[in-house]
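A.B. asks: Quick one, structure for this:
(one chain, ligands or ions: 1)
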Amino acid sequence: MVTEVTTEISRRKFVAAAGLAVAGACIAPRDLFAEEDHLVKDAFKVAATAKIRVQALRRNISVLLGPGGNIAVLTGPDGKLVIDAEIVTSRPNVSAALTAINADPIKQLINTHWHFDHTGGNAWLHEAGASILAQENTRKHISKDTRVEGWHYTFPAMPAGALPSTVFQEDYTLHANDSTLVMKHYLPAHTDSDIDVHFLEADILHVGDTFWNRNYPFIDYSTGGSIDGQIRAAEANLAKVTDKMLVIPGHGEVGGKADLLLFRDVLAGIRDKVAALKKQGRSLEEVVAAKPSAQTDQDWGNGFMNPARFLGLVYQGV
Ligand SMILES: [Zn+2]
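C.D. replies: Got it, this is the predicted structure:
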């Protein structure tokens with residue numbers, strides 16, 4: 001069931017509004033990457049007005065699909081538990097969407113990793129009453145100035161209230177609202193701070209940015225990510241997924257086993273092609289021109305990552 005809280009905004013519209021969509025063919029990769037200087041700032045701007053869609057999943061669990069990372073919401077007598085915190089400027093719309101579900105207070109926040117589109121609301125959610133839980137590298141990165149070269153942007157240290165008060169290294173289990181939540185740290189993947197959160201009884205798995213459903217992923221080499229790590233995490237997700245499991249990606253629609261399989265295959269296929277071209281001595285410009293991702297560019301390259309930028313991140317790691 002999908003409930004429209006406000007008018008839906010599609011990912012493509014969001015990107016077009018942000019001015020991030022780039023027609024790749026006639027622009028040299030160097031020019032494409034110059035746009036990254038504005039990418040984070042544009043995301044702040046767009047998120048201020050981008051609408052949030054609420055989708056009920058199973059039991060007392062919903063997902064908020066908005067401009068940044070997908071938020072899972074678990075409701076019940078213990079108050080709301082949310083997974084991820086969106087971009088900071090989306091606060092009014094996230095807040096309205098949470099209130100639309102019910103009036104219960106927000107008690108717990110879990111961050112799937114440290115990025116600004118998943119931790120941006122940490123401070124206000126904490127002020128609203130949430131304790132924050134994350135993998136220890138999330139706290140490490142958001143507690144000090146952290147540069148992401150892939151975005152040409154340095155994120156300033158967050159205030160004390162935005163930092164996780166509880167962190168763990170590898171595993172953590174939490175009980176709330178008649179649900180068991182099992183968290184596990186991935187080997188370095190999209191970053192070095194990625195975790196998944198498994199709602200055992202509902203069989204729902206939030207995998208953060210280790211899975212972008214039908215979108216090319218951003219890969220953060222500055223804090224431990226790599227294309228091989230991203231593929232390794234996709235393999236780990238496939239090893240865990242069941243036929244009936246619902247999988248919440250960091251970005252894109254809620255999916256399942258077949259979508260995870262497709263994501264792994266697309267990433268591995270492009271990685272192998274780019275690696276072969278690089279081995280032949282091709283420059284990044286030549287690799288982009290060879291269009292090794294042509295098969296999926298139209299469907300997968302309209303979001304946060306256009307094909308040339310994604311190929312640049314793959315090239316960097318092979
Ligand atoms: Zn991320």
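A.B. asks: who's in contact with residue 237?
C.D. replies: By CB atoms under 8 Å, 6 or more residues apart in numbering, the contact set of residue 237 is 196, 205, 207, 210, 211, 247, 260, 264. The way it works is simple: take the backbone N, C-alpha and C, and place the C-beta from them, glycine included.
A.B. asks: Let me have those in CSV, adding distance to residue 180 as columns.
C.D. replies: As requested, the contacts of residue 237 are exported to CSV (distance: CB to CB, whole Å):
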residue, distance to residue 180
196, 14
205, 13
207, 17
210, 21
211, 22
247, 18
260, 22
264, 27
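A.B. asks: quick one: which of the residues you listed sit in helices?
C.D. replies: Among the contacts of residue 237, the residues falling in helices (DSSP state H) are 260, 264.
A.B. asks: Which of the contacts of residue 237 fall in strands?
C.D. replies: Under the assignment DSSP state E, those contribute 196, 205, 247 to strands.
A.B. asks: Just the buried residues of the contacts of residue 237.
C.D. replies: Buried subset of those (neighbour count, 16 or more other CB atoms under 10 Å): 196, 205, 207, 210, 211, 247, 260, 264.
A.B. asks: what separates the spatially closest residue to the fifth one that is not a sequence neighbour from residue 212, distance-wise?
C.D. replies: Closest residue in space to residue 211, ignoring its immediate chain neighbours: residue 249 at 4.2 Å, by CB to CB, 6 or more residues apart in numbering. In this structure, residue 249 lies at 6 Å from residue 212, with CB to CB, to the nearest Å as the measure.
A.B. asks: Those two: which has the busier surroundings?
C.D. replies: With neighbours defined as other CB atoms under 10 Å, residue 249 and residue 212 compare such that residue 249 has more, 27 against 22.
A.B. asks: got the contact list for the more buried one?
C.D. replies: 70, 207, 209, 211, 212, 213, 255, 259.
A.B. asks: which one among those gets closest to the ion?
C.D. replies: For the contacts of residue 249, the closest approach to the ion (CB to the ion) belongs to residue 209, at 3.7 Å.
A.B. asks: okay, residue 38: pLDDT?
C.D. replies: Note for residue 38: predicted pLDDT of 85.
A.B. asks: how close does it sit to residue 228?
C.D. replies: To residue 228, residue 38 is 29 Å away according to CB to CB.
A.B. asks: cool, and residue 193?
C.D. replies: In terms of CB to CB, residue 193 sits 17 Å off from residue 228.
A.B. asks: the more surrounded of those two?
C.D. replies: Relative neighbour count places residue 193 above the other of residue 193 and residue 228, with 31 against 18, counting by other CB under 10 Å.
A.B. asks: what's the closest non-adjacent residue to the more buried one?
C.D. replies: Leaving aside its chain neighbours, residue 193 sits nearest to residue 137 (3.7 Å; criterion: CB to CB, 6+ apart).
A.B. asks: quick one: contacts for that neighbour?
C.D. replies: Applying CB under 8 Å, 6+ apart to residue 137 gives the contacts 114, 191, 192, 193, 223, 224.
A.B. asks: Among those, which lie within strands?
C.D. replies: Reading strands off these, I find no matches (DSSP E).
A.B. asks: Buried members of the residues you listed into PyMOL, please.
C.D. replies: A single PyMOL command selects the buried members of the contacts of residue 137 (16+ other CB under 10 Å):
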select buried, resi 114+191+192+193+223+224
